[in-house]
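> How does the following fold in three dimensions:
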Amino acid sequence: MTQELAPIDGEPDQHAPIRNWAGNVTFTPTRLHRPSSVAALQSIVARASRLKAVGTGHSFSTVADSAGELVTIADLPAVMDIDTTASTVTVSAGLRWGELAPVLHAAGYAVHNLGSLPHISVAGSVATGTHGSGDRNGCLATAVSSLDMVVPAGDVVRISRGDKDFEGSVVALGALGIATSMTLDVQPTFDVSQEVYDGLPWDVAVAHVDQIMGAAMSVSLFTTWRGHGFEQVWVKQRVGEPDVDLRWTGATVADGPRHPVPGASPVHCTEQGGAVGPWFERVPHFRLEFTPSSGAELQTEYLVPRSVGADALRALEAIRDVVAPVLQISEIRSVAGDDLWLSPAYGRDSIALHFTWIADTARVMPVVREVERALSAYDARPHWGKVFSPSNVGARYPRIDEFADLVRRYDPRGVLSNEFVDTCVLGRIDG
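All right, here's what the predicted structure looks like:
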């Protein structure tokens, strides 16, 4: 199992329980499989009655939990095959983005975007609709042009862009099959500069949210909700595109490196101060060679339509006294819309409202419900890999009925389902 999944006692074996990176989810499978070949994975899947694949363990929800067996694809042979003619790279699904990126860069290529953490796996991030940031940047799954997966019958199936089931099969929560490899679109490599600003006034931010979020390749607003504004603004801009200067907002250029969480050391963060570097060393917030924190946190995130982003921020500001006591930091980002059925940005450009909480489930979950009530008028879709209330989630996805039909067709026995999928996705149909 990859290093981010922590055994409770000793090394994980077929019986030992393991925890996710944050420690809020305990996996207790009847058996943990570590196949070293696709053929071995096919055999495991074909004979399983209940099975889920688990990645690097960075999800805070139970999306990868199982009442039966677990399997990790981390030990499958590493693949990184670049097709210069098609401008694609085919990778083993268990590879981490931070492992892939330097290889791509060395060959003169890049992917369109990365998440805050380069530590997450390609398969896990794609399956949950994990995203980076930027008005023109879709979630990481939008780079997928085809994927190979082992379906419950034990066969390997390839689904490619243009196939009938493609848009429902990419962000699929592992409910259709276990991915073994993915082919991703690539583009020529590029450099990025990263600048941090301090003290963005609230009134300016809300009045000009579209202008601010669209000012660069990627813009993140950070707030503790303890004051009346945003303590930090992180701006990542591709070299060769117009220079960005946000001092017109009243924010000031930071006088040194920053960590998003107040008081935390910036040593774990990617280089700031306007220094130019390759895309994979600037687009993530954190560096691969460091574990960004101990995992002592919970996370929640909701995506709302871009058109109501300012109203959603006002709704959150109204409950800041409820949010702040259990919050470490909140991040506001933009995400381009896409056509992937279970992507939280499906069909709409979005504003992502992210919360990193303290590691106290009993105190945090009542606040999460308050946040959900505050956002209830704005069609907020939760990130599948974060903690949220599961009620009526599927109803927020226009293609959920079609996805449920897809699940029944690929997995009629429910081998790859679990309580999370049953409740959040299929509950609207079967419950």
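
> Quick check: mean pLDDT of stretch 51-63?
Computed over stretch 51-63, the mean pLDDT rounds to 92.

> send the alpha carbons of it over as CSV?
This file holds the C-alpha atoms of stretch 51-63, laid out as CSV (Å, rounded to 0.1, in the frame of the first residue of the first chain):
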residue,chain,number,x,y,z
LEU,A,51,-14.5,-5.3,-3.6
LYS,A,52,-13.3,-1.7,-3.8
ALA,A,53,-10.0,-0.2,-5.0
VAL,A,54,-8.2,2.2,-2.7
GLY,A,55,-5.6,4.7,-3.9
THR,A,56,-3.3,6.9,-1.8
GLY,A,57,-5.9,7.4,0.9
HIS,A,58,-6.3,11.1,0.5
SER,A,59,-10.1,11.0,0.4
PHE,A,60,-11.8,12.1,3.6
SER,A,61,-15.1,10.3,2.7
THR,A,62,-15.8,6.6,2.7
VAL,A,63,-15.9,6.5,-1.2
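
> Please shift the residue numbers so they start at 452 in all later answers.
Okay, residue one is now 452; in that scheme the one you just asked about reads as stretch 502-514.

> Nearest the geometric middle of the chain, what residue?
Taking C-alpha atoms, centre = their mean, the centroid of the chain lies closest to residue 581, which sits 2.3 Å from it.

> who touches that residue in this structure?
Residues in contact with residue 581 (C-beta atoms under 8 Å, 6 or more residues apart in numbering) are 566, 571, 575, 590, 591, 592, 834, 836. Bear in mind the C-beta positions are built from the backbone N, C-alpha and C, glycine included.

> The last one: how many residues sit nearby?
By the criterion of other C-beta atoms under 10 Å, residue 836 has 23 neighbours.

> From the contact counts, what lies against the longest helix along the chain?
Longest helix in the chain by number of residues (criterion: DSSP state H): helix 812-825. For helix 812-825, the contact count by 3 or more C-beta pairs under 8 Å, 6 or more residues apart in numbering; DSSP states H and E identifies strand 749-756, helix 760-768, helix 771-774, strand 801-808 as packing neighbours.

> Distance from the chain centre to it, please.
In terms of C-alpha atoms, centre = their mean, to the nearest Å, the centre of helix 812-825 is set 20 Å apart from its chain centre.

> Buried residues in that helix, which are they?
815, 816, 818, 819, 822, 823, 825 (16 or more other C-beta atoms under 10 Å).

> who's in contact with the helix or strand following it?
Downstream of helix 812-825, the first helix or strand assigned by DSSP states H and E is strand 832-833. For strand 832-833, contacts defined as C-beta under 8 Å, 6+ apart pick out 751, 752, 753, 754, 755, 795, 839, 844, 847, 848.

> run the last query once more with 6 Å
753, 754, 795, 839, 847 (C-beta atoms under 6 Å, 6 or more residues apart in numbering).

> and if you look at stretch 543-560?
Looking at what lies outside stretch 543-560 - C-beta under 6 Å, 6+ apart - the contacts are 524-525, 527, 529-531, 533, 542, 561, 565, 569-570, 572-574, 630-633, 637, 640, 729, 731, 739.

> what are the ranges of the helices in this structure?
Using DSSP H, helices in the chain cover 489-498, 548-557, 573-578, 617-620, 653-658, 660-664, 760-768, 771-774, 812-825, 851-861, 870-875, 878-881.

> what's around residue 585, how many residues?
23.

> typo on my end, it should be residue 705
If we define neighbours as other C-beta under 10 Å, then residue 705 has 18 of them.

> which ones are touching it?
Residue 705 neighbours (C-beta under 6 Å, 6+ apart): 647, 649.

> one more time with 7 Å
647, 648, 649 (C-beta atoms under 7 Å, 6 or more residues apart in numbering).

> surely the first one meets residue 683?
This means residue 647. Yes - if you go by C-beta atoms under 7 Å, residue 647 and residue 683 touch, sitting 5.9 Å apart.

> shared neighbours, these two?
residue 709.

> got a list of what the residue nearest to residue 823 when sequence neighbours are not counted touches?
Once flanking residues are discounted, residue 823 sits nearest to residue 840: 5.8 Å by C-beta to C-beta, 6 or more residues apart in numbering. Counting by C-beta under 7 Å, 6+ apart, residue 840 touches 819, 820, 823.

> so what's the residue lying closest to residue 877 once chain neighbours are set aside scoring on pLDDT?
Distances taken as C-beta to C-beta, 6+ apart place residue 855 nearest to residue 877, at 5.5 Å, with adjacent residues excluded. Listed pLDDT for residue 855 reads 93.

> got the domain boundaries for the chain?
457-522, 531-640 (automatic domain parsing).

> and the ones you listed, which one is worst for confidence?
Of all the domains of the chain, domain 457-522 has the smallest average pLDDT, which comes to a mean of 84.

> rewinding a little: need the helices and strands packed on helix 812-825 in a markdown table with mean pLDDT and mean neighbour count, can you?
Listed next are those as a markdown table, based on pLDDT from 0 to 100; neighbours: other C-beta atoms under 10 Å:
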| stretch | mean pLDDT | mean neighbour count |
| --- | --- | --- |
| strand 749-756 | 98 | 24 |
| helix 760-768 | 98 | 19 |
| helix 771-774 | 98 | 16 |
| strand 801-808 | 98 | 24 |
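
> Adding distance to residue 790, write the ones you listed out as a markdown table.
Shown next, in a markdown table, are those (distance: least, C-beta to C-beta, whole Å):
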| stretch | distance to residue 790 |
| --- | --- |
| strand 749-756 | 15 |
| helix 760-768 | 21 |
| helix 771-774 | 33 |
| strand 801-808 | 13 |
